[in-house]
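> below are the sequence and a predicted model; questions follow.
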Amino acid sequence: MVDGATALEAGPPIEGLPAAAWLSSVTDAYLRSVDWDGTELADVLARLVGHVTARARLAGLPHAGTCRSTGFPTAAISVVRQRDDLLDLCLLGDIPVVLAPGGGRPTPDVFVDPQFATTERKLLETIRADIARGDDPATAYGRARGTLLERRRRRNTPRGSWILGDVPEATRHAHCRTLRLTGGADLLLVSDGFARLIEPFALVDGYGALVDAVRGGVAEDLLRRLREAERADPECRRHPRFGVSDDASVVHAVI
């Protein structure tokens, strides 16, 4: 799953697409075309960065992949591969991977990139407290905007977090694990927009309930309910979040 990061400051399109959509589409096409067998997933991502950088230069971004590159689009990415009874995970950004083993286990395992585990939540807690004290939502979010912009500027540098873009070093910081499978399992990859069902809207009671719902074939109904809840809170007052609505995607695999 690839989830392009919408720019906080609007920039020019790339090959006719918004920058985030361009990066997602180029990434998707590349990963569909290459053979991953026998290659570490972090190395697959490293080759992806090289491909994205080359495509960007052809598209008119001559400084892509250099220290002079600024404002290059970024995206979260989570890649999963099964090798017989092994499951390889590689996460770079805020796309959780949820594994619900068979055998009646009550709660699934949720894997996240540690870089992004709590940063947004802490900032939203501050906004929630400001609104509870009586601040206008626009004022509370306006104060946070500077922090968000600074975090974006620091991405893919030693002073910030690492994410998919045009910096090869980022792939060395991907969160990679290999798990041994012991039986049937359900696997979900969840964009942060779809994870809003759990937090902040509480339309689903945790990831275990989310796995059950998606397995039961009601993902589209969940998405409809999520969109209704977002529209009912256009100021993001009752349910603090960055952006009224967000891309919401889920991938479900039965292993």
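Thanks, I have the structure now. From a predicted model like this one, the values you see are computed outputs, not experimental measurements.

> just the strands from this structure, written as ranges.
2-4, 75-83, 86-92, 97-101, 109-111, 175-180, 185-190, 250-254 (DSSP state E).

> let's have the ones you listed in JSON lines, adding distance to Val26 and mean neighbour count.
For the C-beta atoms, the positions are set from N, CA and C on the backbone; glycine is no exception. Formatted as JSON lines, these follow (distance: least, CB to CB, whole Å; neighbours: other CB atoms under 10 Å):
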{"stretch": "strand 2-4", "distance to Val26": "10", "mean neighbour count": "23"}
{"stretch": "strand 75-83", "distance to Val26": "10", "mean neighbour count": "20"}
{"stretch": "strand 86-92", "distance to Val26": "16", "mean neighbour count": "21"}
{"stretch": "strand 97-101", "distance to Val26": "22", "mean neighbour count": "22"}
{"stretch": "strand 109-111", "distance to Val26": "25", "mean neighbour count": "16"}
{"stretch": "strand 175-180", "distance to Val26": "22", "mean neighbour count": "14"}
{"stretch": "strand 185-190", "distance to Val26": "19", "mean neighbour count": "22"}
{"stretch": "strand 250-254", "distance to Val26": "19", "mean neighbour count": "14"}
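
> list the residues that contact the residue nearest to Asp88 when sequence neighbours are not counted.
Leaving aside its sequence neighbours, Asp88 sits nearest to Arg81 (CB to CB, 6 or more residues apart in numbering; 4.5 Å). For Arg81, the contact set (CB atoms under 8 Å, 6 or more residues apart in numbering) comprises 36, 41, 87-88.

> quick one, grab the pLDDT at Arg81.
Looking at Arg81, its pLDDT is 95.

> before we move on, back to that, out of the contacts of Arg81, who's nearest Gly65?
Comparing these against Gly65 with CB to CB places Leu41 closest, at 21.0 Å.
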